[in-house]
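Trainee: structure, please.
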Amino acid sequence: MSVEYEVIGFDEEAIRDTSEHTSDLIDNRGFQLKTIIIENGLNQTVTLECWASRHADFSHSFIVGSSFDITASTDDYQTCDSYFPFMKVKATCSTAPTTGFLNVAFEEIA
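Mentor: The predicted model follows:
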């Protein structure tokens, strides 16, 4: 049986602008990322990008895959079968939301 682990990228992030919002560092050491769960409670579509690095200081980082849009008031997910020791997620809205929150959780297994 595998060990399951959850890391929170965004916890009720109240985006109210069109600036890029970057999550805290996601430490995947010892675990493999399997699913990213997104709860977009914002009243606007949000574009997400996953970034990875082999360094905890996040030097020499790169985008993982393509950016993806999550429609306003929608829950969705993305899967990832590759291993990256450190990750972050970046969120941007092209129109500034006026209500709601963004939640992003990284579901991992050992």
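Trainee: residue 14 contacts residue 101, correct?
Mentor: Yes: if you go by Cβ atoms under 8 Å, residue 14 and residue 101 touch, sitting 5.6 Å apart. No exception for glycine: its C-beta is placed from N, CA and C like everyone else's.
Trainee: distance between the ends of stretch 60-76?
Mentor: Taking Cα to Cα, to the nearest Å, stretch 60-76 runs 29 Å from one end to the other.
Trainee: tell me the contacts of residue 22?
Mentor: 88, 89, 90, 91 (Cβ atoms under 8 Å, 6 or more residues apart in numbering).
Trainee: the helix or strand hosting the second one pairs with which strands, and in what direction?
Mentor: Counting by DSSP states H and E, the secondary-structure element that holds residue 89 is strand 86-92. For strand 86-92, sheet partners with direction are given as strand 21-22 (antiparallel), strand 26-27 (antiparallel), strand 46-53 (antiparallel), following DSSP bridges.
Trainee: can I get the CA coordinates of that strand in CSV?
Mentor: What follows is strand 86-92, C-alpha atoms only, in CSV (Å, rounded to 0.1, in the frame of the first residue of the first chain):
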residue,chain,number,x,y,z
PHE,A,86,10.5,21.0,-6.1
MET,A,87,7.6,22.7,-7.7
LYS,A,88,5.5,25.9,-7.7
VAL,A,89,2.2,26.8,-9.4
LYS,A,90,1.7,30.2,-10.9
ALA,A,91,-1.9,31.6,-11.3
THR,A,92,-3.0,34.6,-13.5
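Trainee: how far does it sit from its chain's centre?
Mentor: Computed by Cα atoms, centre = their mean, to the nearest Å, the chain-centroid distance of strand 86-92 equals 5 Å.
Trainee: touching it from outside, list them.
Mentor: 9-10, 13, 15, 18-29, 33, 36, 46-56, 58, 61, 64, 102, 104, 106.
Trainee: helix or strand right after it?
Mentor: strand 102-109.
Trainee: mind giving me the packing neighbours of that following strand?
Mentor: Under the contact definition 3 or more Cβ pairs under 8 Å, 6 or more residues apart in numbering; DSSP states H and E, strand 102-109 sits against strand 4-13, strand 32-40, strand 86-92.
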